[in-house]
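1. here's my sequence, what's the structure:
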Amino acid sequence: MAGPSSTILIVEDELAIVELVRFTLKGAGWDAHAVHTTADAWEYLQHKRPQLILLDWMLPDQSGLKLLARIRADRNFNTLPVIMLTAKGMEEDKVAGLDQGADDYITKPFSPRELTARIKALIRRKTPEHAEMAMSAGSLELDPVSCRVHVNGSQIEIGHAEFKLLKFLLAHPERVFSRAQLLDKVWGDHAVLEERTVDVHILRLRKALGTAESLIQTVRSVGYMLTEK
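-> Residues are numbered from 1 along each chain as shown. Sure thing, here's the model as predicted:
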């Protein structure tokens, strides 16, 4: 449950979606404030700092990406967690949104359960004291402290590189990453590795996961993601 002062700012002009999101957030313990334009969202930010922003891609006055760029360029807001709400179906567009500073994206239509799960996952990533909490998806559980991975309650053998890769993907569920992004995020930009190295580690990871290998999905011509769907 979120604390009583945990406000999420909804920037969305479709009233039906606003009401669904507001109802979902209140049910999960968050306060919700909705605005319908990027101008109103910026005005709100001058007076209050939300815990997280749900930002629609297409808005009446300008693109949500323009507001995102403005937020990321402002030192007062550049660390604010932002999830893009998008009707776009192209994975390439979503990767482009992430490259411009979005922390995550969720495609409309979405379920209330998925929305709350993604918000909680993002807040957990942005809060250092929660970084060592156990992570799970389906029958899979990873313990960052003991560096152990269990599938259906049984511990599995997993290499160090595959463990780092799995931990990163578990921290970013339902989000597609290109091979270049995974190299940068998991191994660091100082690592001199080829993009096909990622494919090798994905293969090893799937083999290690056994019955849970389907959690790691290939998104053709884009990259990889972890999903329970």
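2. low-confidence bits of the chain, can you list those?
-> Within the chain, the stretches with pLDDT under 70 are 1-5, 88-97, 127-132, 188-193.
3. can you list the domains in it?
-> 7-130, 135-226 (automatic domain parsing).
4. okay if I get these as CSV plus mean neighbour count?
-> (Glycine included, C-beta is placed from N, CA and C.) What follows is the domains of the chain, written out as CSV (neighbours: other Cβ atoms under 10 Å):
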stretch, mean neighbour count
domain 7-130, 17
domain 135-226, 16
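5. residue boundaries of the strands in the chain?
-> 7-11, 31-35, 52-56, 82-86, 104-107, 135-137, 140-143, 148-151, 154-156, 177-178, 216-219, 223-226 (DSSP state E).
6. now render those strands as JSON lines, adding distance to Glu43.
-> JSON lines is the format used below for these (distance: least, Cβ to Cβ, whole Å):
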{"stretch": "strand 7-11", "distance to Glu43": "11"}
{"stretch": "strand 31-35", "distance to Glu43": "8"}
{"stretch": "strand 52-56", "distance to Glu43": "14"}
{"stretch": "strand 82-86", "distance to Glu43": "17"}
{"stretch": "strand 104-107", "distance to Glu43": "24"}
{"stretch": "strand 135-137", "distance to Glu43": "37"}
{"stretch": "strand 140-143", "distance to Glu43": "42"}
{"stretch": "strand 148-151", "distance to Glu43": "47"}
{"stretch": "strand 154-156", "distance to Glu43": "51"}
{"stretch": "strand 177-178", "distance to Glu43": "34"}
{"stretch": "strand 216-219", "distance to Glu43": "37"}
{"stretch": "strand 223-226", "distance to Glu43": "35"}
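7. residue at max distance from the center of this structure?
-> Largest separation from the mean C-alpha position in the chain: Ser154, at 27.6 Å (Cα atoms, centre = their mean).
8. show me what contacts that one?
-> In this structure, Ser154 makes contact with no residue, judged by Cβ atoms under 8 Å, 6 or more residues apart in numbering.
9. which one of the strands of the chain lies nearest to Lys164?
-> strand 140-143 (10.8 Å; Cβ to Cβ).
10. appreciated, that's everything.
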